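[1] only geometry, no sequence info:
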């Protein structure tokens, strides 16, 4: 490592290495999880290694190597851990979905593999097209508007579809899609752009009340707007999870941008006010909370008001115990949506607490790597975006897994990369591509002092490098 | 912006820690209690679809799991149908009885004693199999008892229990009418439910294991306990001591026919007779007077030493306590002396009374699980255990002597076996309901000097036949004893 103090091309005398070899090595391990899991499902459920293991393994390997080659070519300094972690989670998810398929006579795993392929292609496309994430800051308001439109689409008659009580789908012909999954990525980008521009006003003006700096009334506009949007999602689409996620994300990014805990307090108060009102006013919220507090009283209750899914999931976790029943040894399909929202219960039942903890560690690692990217990123926009993207993963994992393990009331969200679901998987792959792009920028050695950076002139966001240091 | 990002990192770390702790709670701390919740069909179905161990008699399985091609993978089958049903019970979805229930941990493979072999199978990538339970039953004795009871005709209700006096091993436990456990273990749940309701409504109680779950007045067979109490009191010390007699005996504090005890025509001299003769003739007047002389306290103590008023069978669930009441008035004590009033005994209890007399006065704890096994491993063999000393060695000898005479010369002659000295006693107990036939009892053991088997036969209903313990029960007891002694 060439670290010459005073070399202007290094930051604090430290230069990141590319570490692409390490990434490849970790990807091979991740591939072992995916292919080994698929083989283990075949052995456990059908008593033999699936005959298509070569084709399946080859396909997974091709996707992984393809993604790796693209990263090597266009983002050589990107973080080497994120892609393998994601590959391992996706591979494990595919194996578990295949396991549920065998019990339920579905072919979801095949569709998921197709979606994964689309995801990896979009991942590669994002990295290839987007050579500098700061370009995205230009589209702050476009993305914001687009996100709102996407969020509203399911409410429209005709293309909006009501599935399992939540109106979060649109259907075009045989295809259905959750626009909210794309919207959340666009929103993070829009938030980041907006906050970078307005952070001074949001951060500095205000008054001090009881040791806490409270924001000015007129600056409350955006948070109130976001609060209303979240409530709208909750009321009109009955989607508790997304509502929670959007508001949480916004609050998180606002806090990071302004460095003022006062926003958290204001937001927290608004959250609890909204949550209490929702509990009082809306039956579907009340049902979720009541079944969470007293799951066994609502077991086998009337349709739409029972806790069967939650209780069966908990029974699955308990039956799995420390090391699990092994693939084929449990009965995860007893829990409805065992392949999507409740995939963690399936993992808990057949692979045990050890696998549940391992999955949580993988997610934790991913979030940690994303936040590390935010910390070392040189531009405020990149920092905020990386924090927001890390927030998407962390909050989503917490809300879903917390929901299925009865830590918090159950809300509908997918477990990124693991759960069956095309929209979510594709969006998650794009999230990783964006994170890798920011990370590549952050870890890339600074160019030797050049008099003029032709790009920097055009992009006002880059000016903030000086401000943030 | 790095400071808030670091704060956010810590916040997220706490969220993940909460998830990990919570998952650990449900998968480790609370797992057992969740598995046991009554709503948890997952665990019940898993138990129902696993290969359970066999229940064995000798080397022959009397209950085993057969692989079938349906969602539950294994079907429990009982090759001998009704013969062993009262003992094995049945294994059905969500419920089980008998050995299937009491030994469930072994049969399902959850028993800690099977841990090592389960580990070996797990390492060999085989699904853990349940352990087998080897019973103490003697198939010949069991068959002889079943045949004897069913041969009495349709509608017979009764039970036979045979034990090995020296160890407490249960050699036979038969209850008639029985049921076919195969039909309750079926995977056709609708048919099972229908059958179960029919069986449960049946007034002849086919689901009952009468050997341990039905207690009835033991009648004259209880005179063994009365005689033991009299001898233990020290007032008498030999088979030829003179005891009170009489054709009739008016219970104290009573008058008229209701308080009068007679001997139903047998000869019991008013000026007294030997204990041997009194037992041979089963003199009610004698034993009522002996009981009164011993007193309420003494009778209770003696009955409890034989096992009355206590639970002693650990291998099977649902044992009913045999009962001897306390704080009795003299006329009540008189009635208990001949096995009436509120005295009630199970067939197993009466077999234990006979067994104690045969075993030098020592009551052994009855047991039916001989061995718990798995594949090549013999995990555990049950060791015989002394329950109590009911009577002294001398009393046991005296009673044996008296009971041998009863078989040779008295009312118990139907149990005689050629070239074998048999000790035995008949019993015919009134139900206390006018117009209903009495219960027939017969207890015996052989060979008298060094007994290998003690038997109690109880006949509750025998439509079309006049119930008398000696005539109906004697031949059955004889057949069971012969089946054991022929080995």
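    Happy to help now that I have it. All figures in this text were calculated on a predicted structure; none of them were measured in a lab.

[2] CA only for contacts and neighbour counts going forward, please
    Will do.

[3] mind checking how far residue B:346 is from residue A:413?
    Residue B:346 sits 63 Å away from residue A:413, going by Cα to Cα, to the nearest Å.

[4] Which one's more surrounded, these two?
    More neighbours surround residue B:346 than the other of residue B:346 and residue A:413, with 27 against 23 (other Cα atoms under 10 Å in any protein chain shown).

[5] Quick one: residues contacting the residue nearest to the more buried one when sequence neighbours are not counted.
    Distances taken as Cα to Cα, 6 or more residues apart in numbering or on different chains put residue B:215 closest to residue B:346, at 4.4 Å, once the chain neighbours are dropped. When contacts are counted by Cα atoms under 8 Å, 6 or more residues apart in numbering or on different chains, residue B:215 touches B:320-322, B:344-347.

[6] Mind putting the residues you listed into JSON lines with secondary structure?
    Listed next are those as JSON lines, based on DSSP: H, G, I helix; E, B strand; the rest coil:
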{"residue": "B:320", "secondary structure": "coil"}
{"residue": "B:321", "secondary structure": "coil"}
{"residue": "B:322", "secondary structure": "coil"}
{"residue": "B:344", "secondary structure": "strand"}
{"residue": "B:345", "secondary structure": "strand"}
{"residue": "B:346", "secondary structure": "coil"}
{"residue": "B:347", "secondary structure": "helix"}
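
[7] separation between the closest residue to residue A:286 other than its chain neighbours and residue A:339?
    Excluding the flanking residues, the one nearest residue A:286 by Cα to Cα, 6+ apart is residue A:279, at 5.0 Å. From residue A:279 over to residue A:339 the distance is 29 Å, taken as Cα to Cα.

[8] more neighbours, these two?
    Each of residue A:279 and residue A:339 has its neighbours counted (other Cα under 10 Å); residue A:339 has more, 29 against 17.

[9] so that one touches residue A:421, yeah?
    No: counting by Cα atoms under 8 Å, residue A:339 sits too far from residue A:421 to count as a contact (9.0 Å).

[10] quick one, what contacts the residue positioned nearest the centre of chain B?
    Nearest residue to the geometric centre of chain B (Cα atoms, centre = their mean): residue B:212, 3.5 Å. Neighbouring residues of residue B:212 by Cα under 8 Å, 6+ apart: B:318-320, B:346-348.

[11] Check the burial of the closest residue to residue B:220 other than its chain neighbours by counting its neighbours.
    Among residues not flanking residue B:220 along the chain, residue B:427 sits closest, at 4.2 Å (Cα to Cα, 6+ apart). Neighbourhood size, residue B:427 [other Cα under 10 Å]: 29.

[12] Assumed residue B:427 was part of a strand.
    Yes: according to three-state DSSP, residue B:427 belongs to a strand.

[13] beta partners for it?
    With DSSP bridges as the criterion, residue B:427 is bridged to residue B:441.

[14] So it versus residue B:289, what's the distance?
    With the distance defined as Cα to Cα, residue B:427 ends up 18 Å from residue B:289.

[15] So the residue nearest to residue B:220 is in contact with residue B:441, correct?
    Yes: Residue B:427 lies in contact with residue B:441 (Cα under 8 Å); the separation is 4.5 Å.

[16] got any ranges where the stretch 201-350 of chain A has weak pLDDT?
    A:205-220 (pLDDT under 70).

[17] how about the strands of it, start to end?
    Along the stretch 201-350 of chain A, the stretches classed as strands by DSSP state E, counting those that start in this stretch are A:206-209, A:212-215.

[18] got the contact list for the closest residue to chain A within the stretch 251-400 of chain B?
    Across the stretch 251-400 of chain B, the shortest distance to chain A (Cα to the nearest Cα) belongs to residue B:374, at 21.4 Å. Listed by Cα under 8 Å, 6+ apart, the contact set of residue B:374 reads B:114, B:117, B:130-132.
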